[in-house]
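> Here is a sequence with its predicted model. Questions after.
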Amino acid sequence: TPSTKLNEYEESYCYNDVRGLCECIRSRMKEDTLASIPLTSTGYVRRDLRNSVRSNKKNRQYFKNAQLTPEMYLLCREAFRGGDAHANSRRADQINRDGWGRDIKSSYPTSIMEFLRYPFSAFTEMSVNYFLNNDCSDYALIIKVVFINIRYKYNEVFTCGIPYIPLSKCNKWSKDVKLDNGRVLKASFIEMTLTDIDFDIIRKEYKADDIRIGKIYASRASRMSKEIRDTTMDYFRAKCLLDGDPKMKYEYVKAKNKLNSIYGCMVMRIDQTNVRWDAKNKIYVDDTPKLEEAITRFYKSRNNFLQYQQGIFITAFSRLRLREMLWEVGKDVIYCDTDSIKGVGDHEAAFNKKNEELRKIAIDTGAYAEDREGNVIYLGLWDYEGAYEEFKTLGSKKYVYKQNGEIYSTIAGVNKEAGKKYFEAHGVDGLQIGKTITHSGHLTAFYNEEDIHKIVVNGDRFTTASNVALVNNNYKIGVTGEYKDLLLKGLADIIDME
């Protein structure tokens, strides 16, 4: 309430929050005005990209020539997918000993620099006959497809136990679909919109009685524009020069965030939701324009310069890079997440061989820079994260491991320090379904929809209205019933493919 006294920590927080903001604004005012300061850190990245792209006047015409129709934009939305985080159900809910971790150095920036088939022209329809009987490697494709009686290839040598298809990216599916924690194991049919990269991955990992291609849309393919690649490398060089300097840890994290934000700028939705305050009626109203109008505005504005359709291929290529090594490691995979693999067994030779291939690609595409000691750092190589004495997972964003005698955890909704304290007391095997982590740092939101009114609390009378209360809560470790059933029965029994 207004009479509640702040303790020393709360008071100092409020003071430093305001003073820190003032100091930051003053430092920015040396180059900006209050009107031109970006509202977010990503805004600075977007401004750098805009200035770089504008340096080549041809880019504006390329941007206009590749304009998406409303129908094509919606197809790109359907085809868009982010990272690939999942656990191998054959190794979930158990302690995996003597494991290791590998991760790709700057996966999304690597895709920006090294992928050679970004959509460059406007999409036009391609005949299925042409697609089936010709080399289409000069095109970036969006494919509408139905898979009949599809099932995951459980017994193949390369199978890593991490099915590729998320149900959330299927437009339609049969009621008999079987899932592995949200990933499709088998179904009488599913309908999807895919990039050609995703289509090829699915054909490798799944069997289907029939593949019915509805429509294919093709765009002439090219590398990402030189200006976007130049900005990417400027950020990567800045990151490399800061890496390893104990006095520049904060600056290093910020440089890393800027590098990874380039991809985020490219997949911002064109059809942004707008909400307007109606002062007369004192209500918020939906002021979102129709899709046709939003797209027309987007391409007309000179502030816009990035192509959404190119962004969806950044993540697709990164998923392919990840899959290539998941297939190499096979059944020894424990867990993967966008740009990293946790596994067991000796696969060092496979990673070394792959890194030699990737180093050559990095050199050919200019995707490398020097660190502060003059060492050459290549984008896209698989770095060794170290060995794990123990590793246990219960699915995406839910794992605990012991490394060099220390226990660490990553659980969505659980504070890192709270998780560390809990698992230091209970061990890696403390990650068990049904267990509760108290004082987890997990916040539960309570929404209160109210008109402006007066209330009295502890003798204080003050004005309030609609609000959200964030309350500290415990975290109960759990999985879906379907995933629990899969872990108990085993993958082979669930998909009946033995």
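Here it is on my side, so go on.

> How many residues are close by residue 487?
Residues within reach of residue 487, counting by other Cβ atoms under 10 Å, total 22. For glycine as for every other residue, the C-beta is placed from the backbone atoms N, C-alpha and C.

> in what helix or strand does it lie?
The secondary structure element spanning residue 487 is helix 481-489 (assigned by DSSP states H and E).

> which other helices and strands contact that helix?
Using 3 or more Cβ pairs under 8 Å, 6 or more residues apart in numbering; DSSP states H and E as the contact criterion, the secondary-structure elements in contact with helix 481-489 are strand 178-180.

> Quick check: mean pLDDT of the strand it packs on?
The predicted model assigns strand 178-180 a mean pLDDT of 94.

> Now do that strand: everything it contacts.
Residues lying outside strand 178-180 but in contact with it, judged by Cβ atoms under 8 Å, 6 or more residues apart in numbering, are 86, 89, 152, 163, 167, 184-187, 482-483, 486, 491, 494-495.

> Next up, the contacts around residue 140.
Residue 140 sits next to 117-120, 195-196, 218-221, 309, 313 when contact means Cβ under 8 Å, 6+ apart.

> circling back to that earlier point, could you pull out the buried residues of the helix holding residue 487?
The neighbour-count check on helix 481-489 (16 or more other Cβ atoms under 10 Å) flags 483-484, 486-487 as buried.

> Can you name the element that comes right after the helix or strand residue 447 falls within?
For residue 447, the enclosing helix or strand under DSSP H and E is strand 436-448. Elements were assigned by DSSP H and E; along the chain past strand 436-448, the next helix or strand is strand 453-457.

> And that next one, what does it pack against?
If contacts are counted by 3+ Cβ pairs under 8 Å, 6+ apart, strand 453-457 sits against strand 460-464.

> quick check: angle from the strand holding residue 447 to strand 460-464?
Angle of strand 436-448 versus strand 460-464, following axes from the mean of the first three to the mean of the last three Cα atoms, to 10 degrees, is 70 degrees.

> Give me the mean pLDDT for strand 436-448.
Model confidence over strand 436-448 averages 89 on the pLDDT scale.

> Could you check how far that strand is from the centre of its chain?
Between the mean C-alpha point of strand 436-448 and the mean C-alpha point of its chain there is a distance of 24 Å (Cα atoms, centre = their mean, to the nearest Å).

> For it, buried residues please.
Of the residues in strand 436-448, those scored as buried under the neighbour-count criterion (16+ other Cβ under 10 Å) are 437, 440, 442.

> Quick check: the first one touching residue 475?
The reference is to residue 437. Yes: proximity of residue 437 to residue 475 meets the contact threshold set by Cβ atoms under 8 Å, at 4.5 Å.

> so what's in contact with these two at the same time?
With contacts defined as Cβ under 8 Å, 6+ apart, the residues adjacent to both residue 437 and residue 475 are 411, 414.

> what's in contact with stretch 333-346?
Around stretch 333-346, the neighbours that count as contacts under Cβ under 8 Å, 6+ apart are 82-88, 91, 96-104, 107, 160-162, 318, 322, 325-326, 329, 332, 385, 388, 391, 393, 396-397, 399, 401.

> returning to what we had before: farthest pair within the buried residues of helix 481-489?
Distance extremes for these: the farthest pair is 484 and 486 at 7.3 Å, using Cβ to Cβ.

> returning to that earlier point: drop anything exposed from the contacts of stretch 333-346.
A residue is treated as buried here by neighbour count (16+ other Cβ under 10 Å); on that basis the buried members of the contacts of stretch 333-346 are 83-88, 91, 96, 99-104, 107, 160-162, 318, 322, 325-326, 329, 332, 388, 391, 393, 396-397, 399, 401.

> Narrow these to those in helices?
When DSSP state H defines the helices, the subset of the buried ones among the contacts of stretch 333-346 inside them is 107, 318, 322, 325-326, 329.

> out of those, who's nearest residue 356?
Within these, proximity to residue 356 (Cβ to Cβ) peaks at residue 325, which comes in at 13.6 Å.

> re earlier: could you dump the buried residues of helix 481-489 to a markdown table with distance to residue 453 and pLDDT?
Converted to a markdown table, these look like this (distance: Cβ to Cβ, whole Å; pLDDT from 0 to 100):
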| residue | distance to residue 453 | pLDDT |
| --- | --- | --- |
| 483 | 45 | 89 |
| 484 | 45 | 88 |
| 486 | 50 | 86 |
| 487 | 50 | 85 |
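
> got these as CSV, with distance to residue 131 columns?
Listed next are those as CSV, based on distance: Cβ to Cβ, whole Å:
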residue, distance to residue 131
483, 36
484, 41
486, 35
487, 40
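
> Could you point out which residue ranges in the chain have low pLDDT?
Across the chain, the ranges flagged by pLDDT under 70 are 490-498.

> 80 instead, please
Screening the chain residue by residue with the criterion pLDDT under 80, one finds the ranges 155-158, 489-498.

> And the strands in the stretch 101-250 of the chain?
Taking DSSP state E, counting those that start in this stretch to define them, one finds strands in the stretch 101-250 of the chain at 118-119, 124-126, 139-152, 170-173, 178-180, 183-195, 206-207, 210-222.

> follow-up on the earlier one: among the contacts of residue 140, which one lies nearest to residue 293?
Taking Cβ to Cβ as the measure, residue 293 sits nearest to residue 309 out of the contacts of residue 140, at 19.6 Å.

> Make sure the closest one is indeed in a helix.
Yes: using DSSP: H, G, I helix; E, B strand; the rest coil, the secondary structure at residue 309 is a helix.

> wait, isn't it in contact with residue 122?
No: checked against Cβ under 8 Å, the pair residue 309 and residue 122 is beyond contact range at 9.6 Å.

> Give me the more crowded residue out of these two.
Here residue 309 and residue 122 are compared on neighbour count by other Cβ under 10 Å; more neighbours surround residue 309, at 26 against 17.

> who touches the closest residue to residue 271 other than its chain neighbours in this structure?
Of all residues not flanking residue 271 in the chain, residue 294 sits nearest, at 4.8 Å (Cβ to Cβ, 6 or more residues apart in numbering). Under the criterion of Cβ under 8 Å, 6+ apart, the contact partners of residue 294 comprise 270-272, 288.

> What about residue 294? Give its phi and psi, please.
Residue 294 adopts backbone torsions of phi -60, psi -40, taken as degrees, to the nearest 10.

> quick one: which of the ones in helices among the buried ones among the contacts of stretch 333-346 is nearest residue 144?
In terms of Cβ to Cβ, no member of these lies closer to residue 144 than residue 318, at 23.0 Å.

> list the contacts for that closest one?
Contacts for residue 318 were tallied using Cβ under 8 Å, 6+ apart; they are 83, 104, 107-108, 110-111, 338-339.

> Touching both of residue 309 and residue 122, which residues are there?
Joint contacts of residue 309 and residue 122 (Cβ under 8 Å, 6+ apart) are 66, 68, 219.

> Restricted to buried residues, select the contacts of residue 294 in PyMOL.
Provided next is the PyMOL selection string for whichever of the contacts of residue 294 are buried by 16+ other Cβ under 10 Å:
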select buried, resi 270+271
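
> and residue 289, what element?
Element membership of residue 289 [criterion: DSSP H and E] is none; it lies in no helix or strand.

> how about stretch 360-372: buried residues?
For stretch 360-372, the neighbour count (16+ other Cβ under 10 Å) marks 361-362, 365, 367-369, 371 as buried.
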